[in-house]
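**Student:** Sequence below, structure please.
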Amino acid sequence: MRGFILMCFGLLATVRIQAQASGFVATNDRIQKLIYDDKYNEAQTAIYKLLNDPKCDKRQQLVLYVFLSDIKRILVSQEEGMKYARKALAIRFDDAVTSGRARALAYHVIANIFYETKQYDSAYWYAKNSTKMAEKFSDPKRLFNTRLSNLPIIGYYYLENNHFAEAEKTFLEANRMFRQQGSQCEIPLQLLKLADLEAKRNNLGKAEKYALEAESMADSCSVSNYVAASYSKLIDIYVQQNNASKMLKYVNKRDSLNQGKSLDMQRQNTEVLEARHNAIVSKKESAVSRLETKAQQSRSNLLAWIVVVSVLLLTLSVLSLHRLKQKNRVIQEQKNEVDRLNKLNRRIFSVVSHDFKGPLHNLQGIIALVEDGHLDASTFKDLALTIGKQTAQANMVLENLLNWAKSEYGHANGNSSQSASPLAISDEIVLQLKSVAEEKNLVIDNQVPDSIQLQIQPDKLRIVYRNLINNAIKYSFEGGRITLGFDALKKCLYVRDEGLGINPETLEKLFQSSVSSGKGTHLEGGYGIGLQITSELIRQAGGKITAQNNPDRGASIYFHIPAAFEKIA
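**Tutor:** The predicted model follows:
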């Protein structure tokens, strides 16, 4: 919701002017820029530093809590964002003007969070009261900013409640004010809402016109979220119009932004993995049960021997105690193995969700059109290439996932003495991820020397490089650079990016199972399982993996795997 962040910045300016220290004003500007550039970790560090400053007064605290509300809403959850928004609302001021302006700001932030969670009645109430506070306590410029911030929320409430006339009037007013303010890149969102309105009125021609205009403006502003939203809206409109050719055009456009996966392939392989896992868990649990029964029998036999042969009491006690310790150790090891396999079960489903989550509804929509007879043979033939690419990519990911699962179960195919070339493997993965990197105009510079051969199975090294390079792409900014190389001093290979960097708190426990995945620079999501898999595979190969933030920006992941040999130049 980049548009709402920008609107919130307009409101923040009304409070920022009253900050007592000019240094705080400059810092506010820098924090706004960091949030707009998706540098959330740097922004949080600056905010916490200011909050701990004794000179930070109530006005500044209000602004900082609003900043934190936006950051937590994006990185953690809407609930966490709401907590800081209510902290801002709880701040009280002595004079009525400052208090009224502060409440107008806090009300808008809360309205925005309710809007994102689709609680439109609550969002409407807070947006209306934010505007009322501004009308009472703000000058014309500040009132303009407040109204512009709240109009889209109010308009969507009207739309959801089928008050079409009021919704149209509100969206058109917001559109006019954005143009007056010069915020051209926020207009596509209002146009899409007008398209929603006309679609509800069954004016599909007018809805199409608004959506096409939104697509054009979003594309010229290079706002990928709005471009994707306009594609989705046009697809919905063309489906209602039964216009298969136009619908297919925009399906293909959206597929270029989002890589789809095969639903059937995902389901089938998930069932295979689940069945294998359940069989192994059942076997291990049976073994534990048998060992526990034998241990109980041993204890009973010990008591019988004590009663019958008192002379052998000391000897038999020592021997039995030794045997019990050994068996208890085996039992504990078996229990630990069962626990590990239970965790593996959760990991497997997380990996499947992590690697296969995608715009599968595109494929479902196409299949539905085929079943309904809306696609002729020639048009369907054009779809075959797209479907083939999705199936091939899903098959590639599944092969890697199965290889990893086999190694976890201890039944991996292949020789453990196999070796792999990091240069050849990394070149292969860079080629596979080329289209993903091109979406952000990233340059991937592979400087890995060809003289190194590692003691690891090639499939495992592919998984390692795929996860590390994919993570670097996820957290890189537009037009950035990703470097693959070898640090001769540390004897480590590395993947380095120029992106967001890693939060210091997260850095300490980056490779633990408790770490959740953050949002990428294009708000890409994930489940945080990739680095866990990578860490586990490197550990199995006798290596180690570490991470650190770069001095300027971005982060570097270093990993060491024992070398099979190095060629002498």
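**Student:** tell me the secondary structure for Val251?
**Tutor:** helix (DSSP: H, G, I helix; E, B strand; the rest coil).
**Student:** tally of neighbours for it?
**Tutor:** 25 (other C-beta atoms under 10 Å). No exception for glycine: its C-beta is placed from N, CA and C like everyone else's.
**Student:** right, and it touches Asp236 too?
**Tutor:** No: contact criterion C-beta atoms under 8 Å: Val251 and Asp236 do not qualify, at 11.3 Å.
**Student:** The nearest residue to Tyr157 once chain neighbours are set aside: which element?
**Tutor:** Once flanking residues are discounted, Tyr157 sits nearest to Tyr124: 3.8 Å by C-beta to C-beta, 6 or more residues apart in numbering. Per DSSP states H and E, Tyr124 falls inside helix 120-137.
**Student:** pLDDT weak spots in the protein?
**Tutor:** Applying pLDDT under 70 to the chain picks out residues 1-25, 259-289, 337, 340-341, 343-366, 374-417, 512-517, 525-529, 564-569.
**Student:** residue furthest from the geometric center of it?
**Tutor:** Within the chain, the residue lying farthest from the chain centre (C-alpha atoms, centre = their mean) is Val311, at 69.3 Å.
**Student:** list the contacts for that residue?
**Tutor:** Neighbour list for Val311: empty [criterion: C-beta atoms under 8 Å, 6 or more residues apart in numbering].
**Student:** Check Ala295 too.
**Tutor:** Leu324, Lys327, Asn328, Ile331.
**Student:** now the residues you listed: which count as buried?
**Tutor:** Ile331 (16 or more other C-beta atoms under 10 Å).
**Student:** Can you add secondary structure and distance to Lys294 and give the contacts of Ala295 back as JSON lines?
**Tutor:** As requested, these are exported to JSON lines (DSSP: H, G, I helix; E, B strand; the rest coil; distance: C-beta to C-beta, whole Å):
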{"residue": "Leu324", "secondary structure": "helix", "distance to Lys294": "10"}
{"residue": "Lys327", "secondary structure": "helix", "distance to Lys294": "7"}
{"residue": "Asn328", "secondary structure": "helix", "distance to Lys294": "11"}
{"residue": "Ile331", "secondary structure": "helix", "distance to Lys294": "9"}
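**Student:** ok, the contacts of Ala295 vs Leu197, which is closest?
**Tutor:** Ile331 (66.6 Å; C-beta to C-beta).
**Student:** That closest one touches Glu292, doesn't it?
**Tutor:** Yes: look at Ile331 against Glu292 with C-beta under 8 Å: they come within range, at 6.3 Å.
**Student:** Wait, Asn470 touches Leu433, no?
**Tutor:** Yes: in this structure Asn470 lies within contact range of Leu433 using C-beta under 8 Å: 6.3 Å.
**Student:** which other residues reach stretch 207-223?
**Tutor:** 2, 184-185, 187-189, 191-192, 194-199, 226-227, 229-231, 233-234, 237-238, 241.
**Student:** Do you have the strands of the protein handy? List them.
**Tutor:** Remark: strands assigned in the chain by DSSP state E are 443-446, 452-454, 481-487, 492-496, 544-549, 555-560, 563-566.
**Student:** What lies in contact with the fourth one?
**Tutor:** Going back to what we said before, that points to strand 492-496. With C-beta under 8 Å, 6+ apart, strand 492-496 has contacts from 422, 448, 452, 465, 468-469, 471-472, 482-487, 546, 550, 554-561.
**Student:** Quick one, which of those residues are buried?
**Tutor:** Buried among those (16+ other C-beta under 10 Å): 422, 448, 452, 465, 468-469, 471-472, 482-486, 546, 554-561.
**Student:** returning to what we had before: list buried members of the contacts of stretch 207-223 by neighbour count.
**Tutor:** Judged by 16+ other C-beta under 10 Å, buried ones among the contacts of stretch 207-223: 2, 185, 187-189, 191-192, 194-199, 226-227, 229-231, 233-234, 237-238.
**Student:** Take these and keep only those in helices.
**Tutor:** 2, 187-189, 191-192, 194-199, 226-227, 229-231, 233-234, 237-238 (DSSP state H).
**Student:** Roughly how far does the closest residue to Tyr107 other than its chain neighbours sit from Leu192?
**Tutor:** In space, and not counting its chain neighbours, Tyr107 is closest to Ser130: 3.7 Å by C-beta to C-beta, 6+ apart. Ser130 sits at a distance of 23 Å from Leu192 (criterion: C-beta to C-beta, to the nearest Å).
**Student:** Ok, Val109 next?
**Tutor:** 23 Å.
**Student:** circling back: can you tell me what sits against the helix holding Tyr124?
**Tutor:** Against helix 120-137 from outside (C-beta under 8 Å, 6+ apart): 96-97, 100-101, 103-105, 107-108, 110-112, 114-115, 142-143, 146-147, 149-150, 153-154, 156-157, 160-161.
**Student:** out of these, which are buried?
**Tutor:** 100-101, 103-105, 107-108, 110-112, 114-115, 142-143, 146-147, 149-150, 153-154, 156-157, 160.
**Student:** show me the contacts for His199.
**Tutor:** Actually, residue 199 is Ala rather than His. Ala199 touches Ala207, Asp236, Ile237, Gln240, counting by C-beta under 8 Å, 6+ apart.
**Student:** Work out the gap between stretch 197-214 and the centre of the chain.
**Tutor:** Relative to its parent chain, stretch 197-214 has a centroid offset of 32 Å by C-alpha atoms, centre = their mean, to the nearest Å.
**Student:** Could you list the buried residues of that stretch?
**Tutor:** Leu197, Glu198, Ala199, Leu204, Ala207, Glu208, Tyr210, Ala211, Leu212, Glu213, Ala214.
**Student:** same check, this time on stretch 436-452
**Tutor:** Per 16+ other C-beta under 10 Å, stretch 436-452 contains these buried residues: Ala437, Lys440, Leu442, Ile444, Val448, Ile452.
**Student:** nearest to Gln296, of those residues?
**Tutor:** Ile452 (54.4 Å).
**Student:** Show me what that closest one bridges to in the sheet.
**Tutor:** Glu566 (DSSP bridges).
**Student:** Please, where are all the helices along the stretch 51-200 of the chain?
**Tutor:** Listed in chain order, the helices of the stretch 51-200 of the chain (DSSP state H, counting those that start in this stretch) span 58-75, 78-90, 96-116, 120-137, 140-160, 164-181, 187-200.
**Student:** Take those and write them to CSV, including distance to Gln296.
**Tutor:** CSV is the format used below for these (distance: least, C-beta to C-beta, whole Å):
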stretch, distance to Gln296
helix 58-75, 52
helix 78-90, 49
helix 96-116, 57
helix 120-137, 60
helix 140-160, 65
helix 164-181, 73
helix 187-200, 68
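**Student:** Which among the ones you listed is found nearest to Glu428?
**Tutor:** helix 58-75 (32.9 Å).
**Student:** buried set for the closest one?
**Tutor:** So for helix 58-75, counting by 16+ other C-beta under 10 Å, buried means 59-60, 62-75.
**Student:** Closest one to Ser298 out of the residues you listed, please.
**Tutor:** For these, the nearest to Ser298 is Leu75 (54.7 Å; C-beta to C-beta).
**Student:** My guess is the closest one contacts Tyr40. True?
**Tutor:** Yes: Leu75 lies in contact with Tyr40 (C-beta under 8 Å); the separation is 5.6 Å.
**Student:** Now list whatever residues contact both of the two.
**Tutor:** Gly518, Lys519.
**Student:** ok, residues contacting stretch 226-237?
**Tutor:** 185, 188-189, 192, 195-196, 199, 204, 207-208, 211-212, 214-215, 217-219, 246-247, 250-251, 253-254, 257-258, 365.
**Student:** How about Glu478, nearest residue that isn't a chain neighbour?
**Tutor:** Lys440 (5.2 Å).
**Student:** With Ile306 as the reference, measure out to Asp121.
**Tutor:** Asp121 is 76 Å from Ile306, by C-beta to C-beta.
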